[in-house]
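S.K.: 3D model of this:
(one chain, ligands or ions: 1)
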Amino acid sequence: NTHVFNNSLDASKEVAAEVASLIREKQAQQKMCVLGLATGSSPKSLYAELVRLHKEENLSFKNVISFNLDEYYPMKAESIHSYVRFMNEQLFDHVDINAENVHIPDGTLSKQEIAEYCNSYESKIEEMGGIDLQILGIGGNGHIGFNESGSLQNSKTRLVALDHSTRIAASKDFKGLKNTPRTAITLGVSKIMEARRVILLAWGEAKSAIVRKAVEEEFTNQVPASFLQEHNAVDFVVDKEAASQLT
Ligand code: F6R
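M.R.: Reported below is the predicted structural model:
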């Protein structure tokens with residue numbers, strides 16, 4: 001399903017309300033709520049609204065367990081470019097989540113440690129009962145997480161080479177392509193597809209062509225977001241501009 005909103009703020013409020021009601025529903029059942037989280041510009045307004053709900057409407061994150069999709073590799077947690085830093089600044093520093101319930105792929109491992117680490121990241125998700133709700137953005141090439149074009153539908157959490165287009169998009173933050181990481185650790189497509197609910201956010205004209213491809217064109221591993229066509233509880237939440245090429 002595609003939900004079109006006038007603007008990203010209205011859309012993010014609606015998504016935040018769904019996230020909040022899931023957290024509260026689980027709280028009432030004395031259960032943990034497992035959220036899959038994304039970074040990048042798309043979820044910023046969602047996180048701002050969740051922070052507001054925490055501060056003004058008593059939304060507690062004490063029963064939230066989070067698993068982020070990805071992290072650049074190599075990347076130190078304290079770097080201004082790390083997704084650890086991004087998540088702290090956008091969300092975790094402003095809510096009452098327990099630090100031990102936060103999981104973000106570790107960009108500081110040695111190459112030899114990565115495969116085992118990725119397996120254990122997936123095992124932890126499974127031990128927690130799987131992801132209740134996964135938030136996604138979409139790359140200009142159709143990537144979800146850092147599952148770039150060509151990723152398989154059954155791909156696991158792993159170290160990946162970033163597409164040139166992904167590195168170009170990131171290079172403004174890194175002040176040039178030569179400083180931009182070439183690799184990242186990403187949750188695989190299969191764990192994303194196993195999430196019980198998936199919400200993909202896309203804002204702006206620049207995302208309109210890839211949103212159309214993902215939603216209306218054939219299922220293809222050239223556009224990993226098109227895999228979501230086979231998910232039974234996915235919504236694409238988009239603004240007017242991102243929806244502008246949908247028929
Ligand atoms: C980030 C991630 C990426 C982004 C995508 C869109 O954790 O997994 O797939 O969601 O690159 O990025 P923005 O939102 O910056 O356009």
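S.K.: my read: Asp105 touches Lys124, true?
M.R.: Check again: residue 105 is Pro, not Asp. No: if you go by CB atoms under 8 Å, Pro105 and Lys124 don't touch, sitting 11.3 Å apart. C-beta here means a position set from N, CA and C on the backbone, and glycine is covered the same way.
S.K.: more neighbours: those two, which one.
M.R.: Counting neighbours by other CB atoms under 10 Å for Pro105 and for Lys124 shows that Pro105 has the greater number, 27 against 13.
S.K.: can you give me the pLDDT of Gly204?
M.R.: Per-residue pLDDT puts Gly204 at 98.
S.K.: kindly report the residues of this structure close to the ligand.
M.R.: For the chain, the contact set with the ligand under CB under 6 Å from any ligand atom comprises 38-42, 69-70, 137-139, 143-146.
S.K.: so which of those residues are in strands?
M.R.: Among those, the members falling in strands (DSSP state E) are Asp70.
S.K.: how close does the spatially most central residue of the chain get to Ser110?
M.R.: Nearest to the mean C-alpha position of the chain, by CA atoms, centre = their mean, lies Ala38 at 2.4 Å. Relative to Ser110, Ala38 is positioned 26 Å away (CB to CB, to the nearest Å).
S.K.: centre of the chain to the longest helix belonging to the chain, how far?
M.R.: Across the chain, the longest stretch assigned as helix under DSSP state H is helix 8-28. Centre-to-centre, helix 8-28 and its host chain are 16 Å apart (CA atoms, centre = their mean, to the nearest Å).
S.K.: in that helix, what's buried?
M.R.: The neighbour-count check on helix 8-28 (16 or more other CB atoms under 10 Å) flags 8, 11-16, 19-20, 22-24, 26-27 as buried.
S.K.: tabulate the residues you listed (a markdown table), appending distance to Phe92.
M.R.: Converted to a markdown table, the buried residues of helix 8-28 look like this (distance: CB to CB, whole Å):
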| residue | distance to Phe92 |
| --- | --- |
| Ser8 | 22 |
| Ala11 | 22 |
| Ser12 | 18 |
| Lys13 | 20 |
| Glu14 | 22 |
| Val15 | 18 |
| Ala16 | 16 |
| Val19 | 14 |
| Ala20 | 16 |
| Leu22 | 18 |
| Ile23 | 14 |
| Arg24 | 19 |
| Lys26 | 18 |
| Gln27 | 18 |
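S.K.: from those residues, which two are the most distant?
M.R.: Farthest apart among the buried residues of helix 8-28 by CB to CB are Ser8 and Gln27. That separation is 27.7 Å.
S.K.: please work out the residue of this structure nearest to the ligand and name it.
M.R.: Gly137 (2.4 Å; CB to the nearest ligand atom).
S.K.: ok, the closest residue in space to that residue that isn't next to it in sequence to Ser82 distance?
M.R.: Excluding the flanking residues, the one nearest Gly137 by CB to CB, 6 or more residues apart in numbering is Ser42, at 3.8 Å. According to CB to CB, Ser42 stands 18 Å off from Ser82.
S.K.: the two: which is more packed in?
M.R.: Ser42 (22 against 19).
S.K.: the closest residue to Phe174 other than its chain neighbours: how many residues sit nearby?
M.R.: Once flanking residues are discounted, Phe174 sits nearest to Thr180: 4.3 Å by CB to CB, 6+ apart. Using other CB under 10 Å, Thr180 has 19 other residues around it.
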